[in-house]
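I would like to see how this sequence folds:
(chains A, B, C and D)
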Amino acid sequence: MLLVRPAGTADLPALMRLAEASVPRLTNLPAHRERLAARLEQSTRALAAPVEAPGEECYTFVLEDHAAETPEVVGTASLRACAGAREAYYTWRRETLIHASQQLDVRREVSILSLSHELSEASLLCAFSLDGRYRGTPAERLLRRSRLLFAAQYPERFRAVMGVAMPGWLDDQHRSPFWESVGRRFFARDFHEINELAGIHSKSFIAEVMPPFPLYEPLLSDAARSVIGSVHDGHQAAAADLRDEGFTDSRHVDLFDGGLLLEAPFGQLHSVRNGQWHPVVIDDEVAPAGHAPALVANQQTGEFRCMLVPHALSATRQLRLSTACAGQLGVAAGQAILAVALGEGAREMPAC
Amino acid sequence: MLLVRPAGTADLPALMRLAEASVPRLTNLPAHRERLAARLEQSTRALAAPVEAPGEECYTFVLEDHAAETPEVVGTASLRACAGAREAYYTWRRETLIHASQQLDVRREVSILSLSHELSEASLLCAFSLDGRYRGTPAERLLRRSRLLFAAQYPERFRAVMGVAMPGWLDDQHRSPFWESVGRRFFARDFHEINELAGIHSKSFIAEVMPPFPLYEPLLSDAARSVIGSVHDGHQAAAADLRDEGFTDSRHVDLFDGGLLLEAPFGQLHSVRNGQWHPVVIDDEVAPAGHAPALVANQQTGEFRCMLVPHALSATRQLRLSTACAGQLGVAAGQAILAVALGEGAREMPAC
Amino acid sequence: MLMRPIEFDDLEALQAIAVETGVGFTSLPDNRDFLAARIDETRRAFEMPDGAPGLATDPANYFFVLEDDELSAGVPRAERIAGCCAIEARVGLDVPFYNYRVGRLAQSSRLLDLHRIVDTLFLSSDHTGDAEVCSLYLRPQWREKGARNGTLLSRMRWLFMASWRERFPDRVLAEMRGRFDDQGRSPFWESLGRHFFPIDFRHADRLTGLGQKSFIGELMPRYPICTALLPESARACIGQVHEQTRPALAMLNAQGLRFEGYIDIFDAGPTVEAYLDDVRAVRHSREVEAVISERAEAPGVPRVLASTTRACATFRACWVGRGPDEGRLMLHPDEARRLGVSAGERLRVLAD
Amino acid sequence: MLMRPIEFDDLEALQAIAVETGVGFTSLPDNRDFLAARIDETRRAFEMPDGAPGLATDPANYFFVLEDDELSAGVPRAERIAGCCAIEARVGLDVPFYNYRVGRLAQSSRLLDLHRIVDTLFLSSDHTGDAEVCSLYLRPQWREKGARNGTLLSRMRWLFMASWRERFPDRVLAEMRGRFDDQGRSPFWESLGRHFFPIDFRHADRLTGLGQKSFIGELMPRYPICTALLPESARACIGQVHEQTRPALAMLNAQGLRFEGYIDIFDAGPTVEAYLDDVRAVRHSREVEAVISERAEAPGVPRVLASTTRACATFRACWVGRGPDEGRLMLHPDEARRLGVSAGERLRVLAD
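As a prediction, the model looks like this:
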């Protein structure tokens, strides 16, 4: 049985393990004990606080597998209320300029990358890491989307636009051609070093070091140009899944590796649009086979729980949950639960 | 009876009259005989050509009132396939920068206006002018949307995004505070003069004269700042109608007067999404009273016609048209016609 | 009156000057620790042996005081110090040195029949590594006209630099206080800096004086600013000096320092600059041999500037009452004592 | 050898030079009409009376030729012209004068322990209104070393400017050809200009020579460009001269003209510049009285440059074999004839 719940300080060792296992290493999930401890504390505080508008909160969740005797944390994912709450969230924004000459009677399109703070205004899905054994299984979709079910219940805690930065393409030696051609010239550091610094410390050094002028794409190396807006091979499936969820490719790419940023108006996300409230009815006879899977989440902030269950509705549109599931979700018969039926591509159904 | 049809060279006097009557004068509808004649010719040519991808075409339509013995042209509107087909289409794009200081422990949001060519990629609704007697009547919606019914039938002729520039706020003396604070400093011309030059000639002078750097809004006069993204009083109703149609406020404002630009993904426009094909059935018994109004358009490029008729469907979803209407539309019983039912705010129904 | 390097025992006097000059004199904040550190730093610079490695590349500050050595022996040391001045050997190596550079860009449009130059302020660190003459202050009781103490303070620095040429780079600059209005406000700051810095002018100025400048890089507008967009009151400050700074400017201009388009980012006061070898006092001063004779009238009018050349750390300069003759300068024994020279030593002198 | 203003009858010779210099010499295109217009323009400049209005503000081109007046009378005029040179009194008034300025911006980050200067190319017209020395060419058959014809061509311009000082502005510059590779390509152009201009280097250069420069404003990258993003081969060209241009650069450096960070936008060759009054030949040349005497050996070695001061339109300059003595310069009657001076006339002379 798989379960998503808010992370607590006790999850620190598991988070360290997951951070170290990420491929590629994630800027926003540094394998740095104090930093992760602070994040866990921040998340717990945010869940307990009566938040009325998105601010510096960052909510961290973990995925627990209850198959073994003691539940095991096998994944984590975070949701930042506001990408640029304190400091600007920098991206490159791709723009096309038209250079036309009457004298020569020509018209040329010139692509540029402009430093942008625009996504500072968005909420951010980030720090997703899943134990290798669970990749490609329904666990991945559960962990990824559980955050959206949380957000769907507390729109006042989030922004009108939600973004996700996909790790960009790296070569066999884990080098980023985009970094080699752009970032290295200004930051004088290796890609991984800067990624770590940005993850552990403030990113204010970006403003200190990057000139504010746009880059002309034609002046970049071919290798760098070819990976602008790319997605790391290990994250292609994730990108596809997010597009399914309603995310679209934005004009923005990551400042360091040129990776694609996906974005979506909050209200247009599948999980937000199609979530339905159902009263719970306990029914241990539900067979997964007969039903499409659904994500379900309870209504409690601090004790938030999200699971994947058969989308078994009674004739009066009550959600039929097994005793075990209801127990894990902390809901009793008659209480309301938020459910989102998963569409295509969600064939596999875990036992619950 | 009101009818929209493609404009021809014979409509030149009417166009001159409408151009002169626009309040405020429109950049894209200069009261300049040669320029308008060229536009009519360009439109006719575009309609006759087998266009496969949007280019330099600009389609011009007129609204005819057939109430009098000889039909009278009482309005015009155009649709540009590509805003920046030859030269860049310049706008100011509003952006927010975050200036944060660790030293002083502050975070400030700073608004800037960046010169942008982004809307060069969009199709553009433009040059809308309607005889004063018809303003606020259903004729206005007919003329405005007829272009969308045309576009809905020929998506290959248009871009994926459609934009409209709303004239910006002017004071009692028809002066633009935005122009006084920004444009005049660079162009050394009156607002109306530059508007006319831009309408009649190429706009390449913009690249020649405007420095490429963003403007910091805090450095502009209060009067100028207050009208960034504004809509001229005489065009508020139009803006509301366009929002009804699916347009949303963009981040872009007009280069000269700071007026708002509306934009919409082509496929999300009401007229594009909700258009339905119906076979025509001739029925002179249709009473307007019993039916919501609908825009209907025939399937012919060069002989394109669009009218407002009662949305009277038969049990088999045939559209019931009077002999007169069918005649004007150039359709016979059994032929298909595109119809879009108008929603709220379209109470008034002209006789047909 | 005697010019010499500052010593540790001058700390009292230095602090008295800091109190006296107040906030307007940013390089001398009233902060005992800061001032003590400053003396420590400058002593190290003076005591670096000629030919030491780093002499031609490292930052170094040479701080001088003007001592009234004609006061009776009973006057405390702190009350004998009449003024001070300094040379920063290389600016911008420790903390960034920012200026605005007023750049010009031709804007030319045949259609508009417009051909003009747009002035634009570019944030710049072009002077990084240049020398700066600074921190000049003469206490009011020593300002009587005939004594020429102000000229002594200003001009002796050129002799010092000429004698220890290898310690200085090719270019030298001086920053001049900008124009203020009757209420003591800087119109330039009111129109520009105020919008970006959440502190007042004096505070900003004080932090800069203390070398705490990171807020500038963090909060400064990073895009160039067209002066055409600034109000006339601010434009009128660009490159203009404070009323009281005119004599200092005239003195530097007479030496060949010129305004080359660089201004202070806060008050728009001009930077004047020159190649050190082109400075008149450097070009025209020359070395002569000291001859000591009772026959010289003592002390004589302040006519010719004489300075020692033997050791940097024991540098002395003062006025003498007569010019050199055929490679020799006659000194009265009192003058020789003041300069600490014995017969036959080389002096560098500059006649008016 | 005699320097004098060009005349209409020199058109044949000028065109021969244009053919000989080929495409590398952009200010002299092989175009008879253009050259005739150029002579016409320069004659008007020479013939403007001293004190005429506009003399100190209008553009004007002073074009000189070097005539071999020792050839036998039978040699056609076109074959007597050994070279040419020119002074543009004020650049950029008719058509924009563009350069890149290499600006420096400090980038400093405590966190990254990074403190460096980023060089950036800014499009600039800072030299608008300055004088330019240009169009210097010496035909191969007159290049024998001892004759010093190249020096005469280069240096006589300073004497001309010193004598008609009111016709010239404060600053003067010279543009130097940039570095090319063994295949005659400019690495700077290959890395930068090529991406923006749909023409080759020679074509761009030729258009510039003809004054048809609007394509530059239309197609140039308008945003500043960080040199760190350019390949090493392009960076290595910045401010560097063509192998063959070194002697010319050395000659200008010796006069005090310096590279101040401005480079050519196509080939990155340096602009060298100075304040006219600081130029050595201007500072050190002086007026003397002509004394004509058969006793002077004729023609003597080219030792001292002498030029006339009476009328601009009849200006002459040549080498004479001896220096002035106490305000007088002795001329052999042949030399006096060459200069067209009679005894007692004022000459401006410059000894080496």
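
ok, now which ones touch residue A:273?
A:246, A:267 (CB atoms under 8 Å, 6 or more residues apart in numbering or on different chains). Yep, even glycine has a C-beta here, placed from its N, CA and C like the rest.

not counting sequence-adjacent ones, nearest residue to residue A:283?
Counting by CB to CB, 6 or more residues apart in numbering or on different chains, residue A:283 lies nearest to residue A:320, which is 3.9 Å off, once chain neighbours are set aside.

ditto for residue C:247
residue C:150 (7.4 Å).

so that neighbour makes contact with residue C:140?
No - counting by CB atoms under 8 Å, residue C:150 stays clear of residue C:140, with 11.5 Å between them.

who's more crowded, the two?
residue C:150 (20 against 8; other CB atoms under 10 Å in any protein chain shown).

still on that earlier bit, against which helices or strands is the strand or helix carrying the residue nearest to residue A:283 packed?
Following DSSP states H and E, one finds residue A:320 within strand A:319-321. In terms of contacts (3 or more CB pairs under 8 Å, 6 or more residues apart in numbering or on different chains; DSSP states H and E), strand A:319-321 is packed against strand A:276-282, strand A:293-297, strand A:306-310, strand A:336-341.

pipe the ones you listed into TSV and attach distance to residue C:200 per row.
Output for these, formatted as TSV (distance: least, CB to CB, whole Å):
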stretch	distance to residue C:200
strand A:276-282	55
strand A:293-297	51
strand A:306-310	51
strand A:336-341	52
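
distance of the closest residue in space to residue C:319 that isn't next to it in sequence from chain D?
Counting by CB to CB, 6+ apart, residue C:319 lies nearest to residue C:302, which is 3.4 Å off, once chain neighbours are set aside. Separation of residue C:302 from chain D (CB to the nearest CB, to the nearest Å): 29 Å.

quick one: closest of the helices and strands packed on strand A:319-321 to residue D:61.
strand A:336-341 (77.4 Å; CB to CB).

so what secondary structure elements neighbour that closest one?
Counting contacts by 3+ CB pairs under 8 Å, 6+ apart, strand A:336-341 is packed against helix A:138-153, strand A:276-282, strand A:293-297, strand A:319-321.

can you give me the distance of the residue nearest to residue C:247 to residue C:1?
Separation of residue C:150 from residue C:1 (CB to CB, to the nearest Å) stands at 11 Å.

swap in residue C:81?
Counting by CB to CB, the gap from residue C:81 to residue C:1 is 11 Å.

how about the residues of chain C by chain B?
C:105, C:107-109, C:111-112, C:114, C:116, C:118, C:120, C:191-192, C:195-196, C:198-199, C:207, C:212, C:214-215, C:218-219, C:221, C:223-226, C:228-230 (CB under 8 Å from any CB of the partner chain).

for chain D, tell me which of those show up nearby.
Filtering these for proximity to chain D (criterion: CB under 8 Å from any CB) leaves C:105, C:107, C:108, C:214.

what's the farthest-apart pair in those residues?
Largest separation among those by CB to CB: C:108 and C:214, giving 40.0 Å.

done for today, thanks.
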